[in-house]
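S.K.: 3D, please:
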Amino acid sequence: MKLQTTRFGEIEVPDETLIEMPGGMVGFPLETRFAWLPHPSAEHIVWLQSVSSPAIAFPLFNAARVDGDYPDVPMADIAKLAGVEFDDVETLALLVVLSASPAAPATVNLMAPIVVNSTTRQGAQVVLTQTRFTTATFDRKPAQAGAEAP
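M.R.: Sure, this is the predicted structure:
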């Protein structure tokens, strides 16, 4: 599929990189289909590029690399809350939205992660109400085991 984007220009994306998010993203409920694009120079960052809106793209960071004891809610509970079906919790990837600008430290939104079933490519953003986390200054820790999203 060819996509015209404002950030990446015209790109060709394979169907197997498409993520369906029936509930959209927080603040963007009508954006339900996204292309999964690896960041060209940062291996732990990916982009969710809207299929229908060229200007909408979200940078995401693998939550397994966030410093601290995150998430403090079990992955199975997060997926169930988000409505993402799964047979094996190992197929779930948890990502957080990254916000960065040259004038301020980068932050990640730890209160509203995105969970994706890497097998079915179904995902959802969920707001965690039973967590001690909110938005935090970006910090990384070594990679841990877990599913890689498509």
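
S.K.: which regions of the protein sit below the pLDDT cut-off?
M.R.: Within the chain, the segments meeting pLDDT under 70 span 67-68, 136-150.

S.K.: ok, and the closest non-adjacent residue to the most centrally placed residue in it?
M.R.: By CA atoms, centre = their mean, the chain has its centre lying nearest to residue 95, at 4.0 Å. Once flanking residues are discounted, residue 95 sits nearest to residue 60: 4.1 Å by CB to CB, 6 or more residues apart in numbering. All C-beta spots, glycine's among them, are computed from the backbone N, C-alpha and C.

S.K.: quick one: buried residues of stretch 55-71?
M.R.: Neighbour counts using 16 or more other CB atoms under 10 Å place 56-66, 70-71 of stretch 55-71 among the buried residues.

S.K.: To clarify, my last question referred to stretch 26-39.
M.R.: Across stretch 26-39, burial judged by 16+ other CB under 10 Å covers 31, 32, 33, 34, 35, 36, 37.

S.K.: Reformat the buried residues of stretch 55-71 as a markdown table; add secondary structure and distance to residue 13.
M.R.: As requested, these are exported to a markdown table (DSSP: H, G, I helix; E, B strand; the rest coil; distance: CB to CB, whole Å):
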| residue | secondary structure | distance to residue 13 |
| --- | --- | --- |
| 56 | coil | 15 |
| 57 | strand | 12 |
| 58 | strand | 15 |
| 59 | strand | 17 |
| 60 | strand | 16 |
| 61 | strand | 20 |
| 62 | strand | 20 |
| 63 | helix | 23 |
| 64 | helix | 25 |
| 65 | helix | 24 |
| 66 | strand | 27 |
| 70 | coil | 29 |
| 71 | coil | 29 |
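
S.K.: Among the residues you listed, which one lies nearest to residue 110?
M.R.: Lowest distance from residue 110 to the buried residues of stretch 55-71 (CB to CB) belongs to residue 70, with 6.0 Å.

S.K.: Does the closest one touch residue 134 like I think?
M.R.: No. Counting by CB atoms under 8 Å, residue 70 does not reach residue 134; the two are 11.4 Å apart.

S.K.: all helices for this structure, in order.
M.R.: Along the chain, counting by DSSP state H, helices occupy 75-82.
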